[in-house]
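[1] sequence and predicted structure are below.
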Amino acid sequence: MIFMSQSAITDPSRCGDWDAWYVEHLRIMASVPGVTSAQRFLTDSPGHPPSLAMYTMTGPEIFDDPYYRSVRGMGEWLELIDRRHYRRNLFAGLAHAPRVAAGERLIVADRDREDPSLADLCLAWLSCAGIDRSTPLRGIAVVDAASARLLSGRDVAIYRPVTECVASAGAR
């Protein structure tokens, strides 16, 4: 399963500190049993949450794990989270989140149903399985940065990786 957390902060002057905090947060999240990978992305795509963190999870039971509950969340940043962009969703449809390299982009399309106009992108369509349920379906694909530039105006978010994928010690 794939868990995605989207957000932004209300104080742009703190973005550097938030970015530094997030690097450590991803490492901690990857230490949770059942969380096998974590990676963070940013976008400039209008109308989409600026920040996206993507995690591979073995299942929804992770959200009830006492250790997970002790390390999850935005911590000191909670007061600065821009609620217009705060969305957390658990998705079924892929066992593992894709790893996105520096020269690649994560394409994200939220829809009510699979969108045939995006067939050329070869999106993997994920069904929302829990948490906020802000979208019934999310299509995701990894493309090279040059191809992503050609997608302007197609009602998709183009996220660039700002961290490497952090894998848990037991991940493949």
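    Now that the structure is in, tell me what you want to look at.

[2] residues contacting the residue nearest to residue 76 when sequence neighbours are not counted?
    Counting by CB to CB, 6 or more residues apart in numbering, the nearest residue to residue 76 once its immediate chain neighbours are dropped is residue 21, at 7.5 Å. In short, each C-beta sits where N, CA and C put it, glycine included. Going by CB atoms under 8 Å, 6 or more residues apart in numbering, residue 21 touches 75-77.

[3] now swap in residue 9 and tell me
    By CB under 8 Å, 6+ apart, the neighbours of residue 9 are 15, 18, 77, 80-82.

[4] which of these ranks first by neighbour count?
    Most neighbours among the contacts of residue 9, by other CB atoms under 10 Å: residue 18, with 20 neighbours.

[5] and that residue, how far is that from residue 115?
    According to CB to CB, to the nearest Å, residue 18 and residue 115 sit 32 Å apart.

[6] before we move on, the earlier item: from the contacts of residue 21, pick the one nearest residue 136.
    Ranked by distance to residue 136 (CB to CB), those are led by residue 77 at 28.4 Å.
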